[in-house]
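Trainee: coordinates only, sequence not included:
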């Protein structure tokens, strides 16, 4: 075959391959259009953004100023000093009337200013805390508004034990417990135990509620249960509500509450007891003392020992400022030497057990601040600390099973609380129940 013919054959073969084979190869290896690579990101690994919050407001990049109200300082003084116009303050005061009276802003109360950090900081909001729980937000941003709000209150149960060295009040104080908790403790057992005649070595276990705001205690709640060992005897108290309000019962379901409170003011010191013969410190002669004197600081609140109607509320030469209450056809009580009678307490007014009716003082024939408390039964004056009152109703039959279940749980918890070591006079290990 000549070279010319060989070339022609090769060209024909190459053409056939191009026509029949290459399209197949192109189809199998077709290029896809280019695109951006896909990157999968686990959202759980991304850092989360948590804005800084204060009083429910975002304060990122804001200027926060915290202070306390000074004596004789008002809201206008505070805001003018931080570049708020008199016009806006006047508008704020008018809007606030139906929410919070700005004239009631008190000295030593905390306030917070949240400001735009401009060259001249502009107040967006002022927050005034008028109690550990309640606060008011004065908004001064795009629109002027006033809101009342509350902080979240967390209630936790705590357990504590202690040994009496001299008095319950001193023991509780040294344990870091509040005077209110001491008073509640005394009220529970007031008719079963004479707390002014405790024995050294008496001891107790206590489960109670503590109310916390931002981790700080703002006051105690209910006393849940108590074991008090007094003169070798065990006294139990368990709280239970069987439909007519919180009450306390012993381990057998008998009520510890009486119709009247035993003490007319928070637990304090008795300076003079009821007596048929006492040397009067002012008149300098021996005479009967038909009352019980409670020594207390001037201004200490005095409470009605039971529901009653006020029969007298006035000043007397010897009694000073005094209030007399008629509880029912059998019992009457009287409260003498008040520094002042509480506003609104006057003849014919109804009061409830525990209501404040006046404040401790030394008016009338008195040498120092104290309350003289007098008690009548069927028109005859008697010793208020020795009166026998009928107890409230015991646990009803239909509530007994539920009460016993709750009581058994509390008994177990009380048993698990350790008493202080015998060689220690006073000691406490407070356990918080989550």
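Mentor: Structure received. Source: prediction; values computed, not measured. Numbering: from 1, shown residues only.
Trainee: could I get the full set of helices for the protein?
Mentor: 3-20, 22-28, 75-80, 86-96, 168-174, 179-189, 400-416 (DSSP state H).
Trainee: worst mean pLDDT among the ones you listed?
Mentor: Lowest mean pLDDT within these: helix 22-28, at a mean of 50.
Trainee: okay, now the unreliable bits of this protein?
Mentor: For the chain, the stretches with pLDDT under 70 are 1-49, 268-289, 422-434.
Trainee: beta partners of the spatially most central residue of it?
Mentor: Geometric centre of the chain, nearest residue: residue 219, 3.8 Å, by C-alpha atoms, centre = their mean. Per DSSP bridges, the residues bridged to residue 219 are residue 211.
Trainee: phi, psi of residue 378?
Mentor: With angles defined as degrees, to the nearest 10, residue 378 sits at phi 50, psi 40.
Trainee: enumerate every residue touching it.
Mentor: Contacts for residue 378 (C-beta atoms under 8 Å, 6 or more residues apart in numbering) come out as residue 330. The C-beta positions use only the backbone N, C-alpha and C, and glycine is treated the same way.
Trainee: and the gap between the residue nearest to the centre of the chain and residue 108?
Mentor: Counting by C-beta to C-beta, to the nearest Å, the gap from residue 219 to residue 108 is 18 Å.
Trainee: mind listing what the closest residue to residue 104 other than its chain neighbours touches?
Mentor: With C-beta to C-beta, 6 or more residues apart in numbering as the criterion, residue 104 has its nearest non-adjacent residue at 7.4 Å, and that residue is residue 130. Counting by C-beta under 8 Å, 6+ apart, residue 130 touches 100, 104-106, 109, 136.
Trainee: and which of those is nearest to residue 411?
Mentor: Nearest to residue 411 among those is residue 109, at 44.1 Å by C-beta to C-beta.
Trainee: assess the claim that the closest one and residue 69 are in contact.
Mentor: Yes. Applying C-beta atoms under 8 Å, one finds residue 109 in contact with residue 69, separated by 5.0 Å.
Trainee: overlap in contacts, these two.
Mentor: residue 128.
Trainee: these two - which one has more neighbours?
Mentor: residue 69 (20 against 14; other C-beta atoms under 10 Å).
Trainee: from residue 121, how far off is the more buried one?
Mentor: Distance check for residue 69 against residue 121: by C-beta to C-beta, it reads 19 Å.
Trainee: next: residue 305.
Mentor: Residue 305 sits at a distance of 55 Å from residue 121 (criterion: C-beta to C-beta).
Trainee: between those two, which has more neighbouring residues?
Mentor: Using other C-beta under 10 Å, the more surrounded residue of residue 305 and residue 121 is residue 305, with 25 against 15.
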